[in-house]
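J.: 3D, please:
(one chain, ligands or ions: 1)
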Amino acid sequence: MIRRLAVLACLFTLAACAPEDQIDRLQPLGYLTSAPQRVAQADWSRPDTVTVTLSNYAFTPDHLVFHRDHPTRLILRNVGDTTHTFVSPGFFKTIAVKQVVTPAGVENGSWVESVAVPKGQTKELWFIPAEYGSWGYECTVPFHAAMGMTGVVDVAP
Ligand SMILES: [Cu+2]
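T.: Next comes the predicted model:
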């Protein structure tokens, strides 16, 4: 009984200690388990760089093409007057994340569920696409997707 309580206490402590905005937590089910190796083996000196502007209520551009196995730097620039997010659950499960660069510093970690960009800020998602495919992305702030904040990302050769 004491042992079971100790295990439960551990689990609660872990959950309580994981800040919501950090990406280096335990990897959730369905995400790329080879991400750390892929990131470590890649040459990050000249990543493919794509900039997306987030505004009220659109992504510009709203169609992105990345290349499989290419180190990639996605710059998300919020010029709107509220927080916007960049979220694509299907796509995020197929990429190896190196880091998220924020005005406050670099967050290292091998996966990401959502990138939230406060108004006036720019964040960068550094990653390697690992699978071919096409996925939708959207802003998950309530009603923003319905007002037009959606897009499509393709991973090509
Ligand atoms: Cu939004």
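J.: Leu74 - how many residues pack around it?
T.: Neighbours of Leu74 under the rule other C-beta atoms under 10 Å: 22. For glycine as for every other residue, the C-beta is placed from the backbone atoms N, C-alpha and C.
J.: Could you pull up the residues touching it?
T.: Residues near Leu74 by C-beta atoms under 8 Å, 6 or more residues apart in numbering: 50, 52, 64, 86, 124-127.
J.: do that again at 7 Å, thanks
T.: 50, 52, 124-125 (C-beta atoms under 7 Å, 6 or more residues apart in numbering).
J.: hang on, it is in a helix, isn't it?
T.: No. Read with DSSP: H, G, I helix; E, B strand; the rest coil, Leu74 is strand and lies in no helix.
J.: buried residues in stretch 92-112?
T.: Neighbour-count burial for stretch 92-112, with 16 or more other C-beta atoms under 10 Å as criterion, is recorded at 92-102, 107, 109-112.
J.: so how far is the ion from the spatially closest residue to Val155 that is not a sequence neighbour?
T.: Distance criterion C-beta to C-beta, 6 or more residues apart in numbering; nearest residue to Val155, sequence neighbours excluded, is Pro129 at 4.4 Å. Distance, Pro129 to the ion, using C-beta to the ion, to the nearest Å: 24 Å.
J.: give me the number of residues near Pro129?
T.: With other C-beta under 10 Å as criterion, Pro129 counts 23.
J.: what sits opposite it in the beta ladder?
T.: Per DSSP bridges, the residues bridged to Pro129 are Ile95.
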